[in-house]
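**Student:** pasting a predicted model and its sequence here:
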Amino acid sequence: MSAVTDTHAVGHTGNPGQEAARRRTFAVISHPDAGKSTLTEALALHARVISEAGAVHGKAGRRGVVSDWLDMERTRGISITSAALQFSYDDCVINLLDTPGHADFSEDTYRVLSAVDSAVMLLDAAKGLEPQTLKLFDVCRHRGIPVITFINKWDRPGREALELCDEISERIGLRPMPLTWPVGESGHFHGVLDRESGDFVGYERTDAGAHLAAERRLDAEQAAAEVGAEWQQATEESELLSASGGDLDEAAFHAATATPVLFGSAVRNFGVGQLLDLLVRLAPQPGPRPDAGGTPRELEAPFSAFVFKVQTGMDPAHRDRVAFARVCSGEFERGMVATHAATGKPFATKYAQQVFGQQRDTVETAYPGDVVGLVNASALGVGDTLYNGKPAVEFPGIPSFAPEHFAVARTTDPGRSKQFRRGIEQLSQEGVVQVLHSETRGEGAPVLAAVGPMQFDVATQRLESEFRSPIELERLPYHVVRLLGDPRQRSMLRTRTSEVFDRPDGSVLAVFTDNLALRTTLRLHPELDLHHVVAATEH
Ligand code: GDP
C-alpha cells in the first residue's frame with residue numbers, strides 16, 4: 001500500500017460527519033527553497049513509520065512513492081503535476097494539497113487555498129518572510145484561513161527566534177504563539193523547550209535519510225543540569241513570551257488572528273512529529289461550506305464538491321483532462337452520477353482518481369475534505385459545483401487573483417480568427433488565463449493576464465494544439481496592478497507607463513510598469529480611486 005492510499009488501512013465509518021471530523025486538509029505556503037518538498041516527504045514518511053510501527057504487515061517494499069516523486073521534481077527543478085497527498089496519522093486522515101511553486105507558480109497555486117481548511121506557513125530560519133510566502137499569506141488572510149508557522153532549517157545558522165517572531169507580528173499582523181522554543185541559537189541547536197509541558201525535547205543529529213528524528217525528552221530539572229545556560233535562557237525567554245501574549249490561544253488561531261509557531265528542521269525530521277500532532281489536535285476539520293447564497297451545506301447532506309483546479313495533458317499518452325474537486329458534503333462513491341450545477345447535466349464519475357505526481361490510484365470513496373481527480377472532465381471548469389440528490393447546491397466561484405504578467409495575444413493565421421476567438425473564450429472560462437479587454441487595443445487583441453508566466457505557455461500550446469490557432473504573444477511591461485474603483489477615471493491612466501483593462505465581470509484593472517509609475521500617477525491625480533487586488537472578482 002502506498003503513501004497515497006494507506007488511509008484505507010484505517011478503515012472508515014461511512015458517516016460523512018464522523019469522517020469529516022477526522023480529516024485535516026491543508027497546504028504549505030512558502031517561498032521556493034524554504035523546504036516544502038523536504039517537509040512534505042518528512043510528514044508523509046513520519047506518519048507512515050508511526051502507522052507501520054503498530055501494523056502487523058509492514059510493507060517496506062513499497063516505500064519511496066513520495067521520494068520518487070520528489071526525485072523527479074528535483075531533476076526537473078519544478079514540481080510536476082500533482083494535487084493532493086493523502087495519508088493517515090493517529091486515526092486522522094491528512095490531505096496535503098500541493099501548492100506549485102518555482103517556475104509553475106500560477107493562479108492554480110492561489111486556487112488551492114480555496115480548498116483547504118488551514119495552512120502551514122513554512123519559513124527558512126535565515127530568511128524569514130519572503131515574497132511568495134507573503135502573496136500566499138494574503139490569500140489566506142482574505143479567506144480567513146488559520147495558519148500554523150513552521151520555522152525550518154534550525155539546524156543551521158539563521159536569524160534569532162525572537163526577531164523572526166517580531167517579523168511575523170509586524171509584517172503580517174499575526175500574533176505568534178510559539179508552542180516550542182529553541183534551546184541554543186540556530187546552527188547550535190540542542191532542541192526545543194516544549195512550552196506546554198515545560199519539558200526539553202533534545203535534538204540528536206540523525207542521518208538526513210532517517211524517517212524519525214531521534215528526539216529525547218528530559219524534564220526541566222534534568223535539562224537544566226544537562227544543557228545549562230542555554231536552557232536557562234530559553235526558559236527566561238519563554239516566560240517573557242507568556243507575559244506578552246505568546247501563549248496558545250486556540251480561538252485566536254481559529255479566528256486567524258494568531259499563529260502557533262514551531263521550530264524545526266525538515267531535513268533532520270526534527271519538529272515534524274510535533275507539526276503532525278498539532279495538525280491533528282488543533283487544525284480545523286472540514287465544516288459545512290456556504291453555498292453561493294450563503295447557506296451552509298451540511299456535512300451529512302448528499303455528495304457535493306467543487307472544482308479548484310483543472311489540468312490537461314497530465315498523461316502524455318492520452319490527451320486527457322482532469323478536474324480536481326474537493327468534497328464538501330456527503331460520501332463520494334466512484335461510479336456515482338452527479339449533477340453539474342452550471343449546466344444541470346449529469347456527470348459520470350467512473351474514472352475518479354487520486355492523483356499525486358505520476359502516481360494514480362482509483363478512488364472508491366471520499367468524504368468532506370478529500371480531493372478527487374475526475375478524468376475526462378471536459379465539461380468541468382474551475383469553480384464548478386457537482387452534487388448529488390436534493391437539495392441542489394452551487395458553491396461560490398473561485399475568485400480571480402491579482403495577475404502579475406500581461407501579454408497581448410494575436411492570431412498569426414488570419415484565416416482562423418474564429419477558432420482563435422473560441423479558443424480564447426474557452427481558456428478564459430476554464431481559468432487557464434484571465435482574458436482582459438482593452439478599449440484602445442480592440443477586439444482582435446485580447447490581453448491575457450496571469451499570476452505566473454507558465455500559464456501563457458499552457459495557453460499558447462492549447463490554442464495551437466486544440467484549436468489549431470497559432471498565436472503570437474507580445475509581453476507587456478506591467479508589474480503593478482490596482483483595481484480602479486471609478487471607471488470614469490480611466491482616461492487618467494492612459495500614459496506611457498500605465499494602461500487600463502476591463503475584466504469580464506465589469507471591474508477595471510489599472511496596471512503600471514512599476515511602483516514609481518504608480519506613485520507618479522497618484523501625484524498627478526491624487527483623486528484616483530485605486531485599491532489593492534487580492535481576490536477581486538468571483539466568476
Ligand atoms: P522547496 O523549494 O521549498 O520545495 O525546498 P526543498 O525541500 O527542495 O529544499 C530546498 C533545499 O533546502 C534543499 O537543498 C534541502 O535539502 C534544504 N533543506 C530543506 N529543509 C532543510 C532543513 O531543515 N535544514 C537544512 N539545513 N536544509 C534543508
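**Tutor:** Alright, I've got the coordinates. What you are looking at is a predicted structure, and each value in this text was computed from that prediction instead of being measured.
**Student:** so for whatever helix or strand Lys418 lives in, mean pLDDT?
**Tutor:** Per DSSP states H and E, Lys418 falls inside helix 417-430. Helix 417-430 carries an average pLDDT of 91.
**Student:** any idea how far that helix is from the chain center?
**Tutor:** Relative to the centre of its chain, helix 417-430 is centred 28 Å away, using CA atoms, centre = their mean, to the nearest Å.
**Student:** cool, and stretch 517-533?
**Tutor:** 31 Å.
**Student:** show me which residues of that stretch are buried.
**Tutor:** Across stretch 517-533, burial judged by 16 or more other CB atoms under 10 Å covers 517-518, 521, 528, 530, 533. Quick note: C-beta positions are derived from backbone N, CA and C, even for glycine.
**Student:** let's have these in TSV, adding distance to Gly158, pLDDT and secondary structure.
**Tutor:** Listed next are the buried residues of stretch 517-533 as TSV, based on distance: CB to CB, whole Å; pLDDT from 0 to 100; DSSP: H, G, I helix; E, B strand; the rest coil:
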residue	distance to Gly158	pLDDT	secondary structure
Ala517	36	96	helix
Leu518	34	96	helix
Thr521	40	96	helix
Leu528	42	96	coil
Leu530	37	95	strand
Val533	33	81	coil
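**Student:** let's have those in JSON lines, adding distance to Asp124.
**Tutor:** Shown next, in JSON lines, are the buried residues of stretch 517-533 (distance: CB to CB, whole Å):
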{"residue": "Ala517", "distance to Asp124": "32"}
{"residue": "Leu518", "distance to Asp124": "30"}
{"residue": "Thr521", "distance to Asp124": "36"}
{"residue": "Leu528", "distance to Asp124": "38"}
{"residue": "Leu530", "distance to Asp124": "33"}
{"residue": "Val533", "distance to Asp124": "27"}
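**Student:** among these, which one lies nearest to Glu221?
**Tutor:** Proximity of these to Glu221 (CB to CB) peaks at Val533, which lies at 55.1 Å.
**Student:** so the closest one touches Leu484, yeah?
**Tutor:** No. Shown here, Val533 and Leu484 do not form a contact pair, counting by CB atoms under 8 Å, at 10.2 Å.
**Student:** immediately after the helix holding Lys418, which helix or strand?
**Tutor:** strand 434-436.
**Student:** thinking again about what came up before, joint contacts of Val533 and Leu484?
**Tutor:** Taking CB atoms under 8 Å, 6 or more residues apart in numbering as the criterion, Val533 and Leu484 both touch Leu509.
**Student:** re earlier: just the CA trace of the helix holding Lys418, in CSV.
**Tutor:** Extracted C-alpha coordinates of helix 417-430, given in CSV (Å, rounded to 0.1, in the frame of the first residue of the first chain):
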residue,chain,number,x,y,z
SER,A,417,-9.7,34.1,-36.3
LYS,A,418,-13.0,32.4,-35.4
GLN,A,419,-11.1,29.4,-33.8
PHE,A,420,-8.8,32.0,-32.1
ARG,A,421,-11.8,33.7,-30.5
ARG,A,422,-13.4,30.4,-29.5
GLY,A,423,-10.1,29.2,-28.0
ILE,A,424,-9.6,32.3,-26.0
GLU,A,425,-13.1,32.2,-24.7
GLN,A,426,-12.6,28.5,-23.7
LEU,A,427,-9.3,29.2,-21.9
SER,A,428,-10.9,32.1,-20.0
GLN,A,429,-13.8,30.0,-18.9
GLU,A,430,-11.5,27.2,-17.8
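**Student:** all set, thanks.
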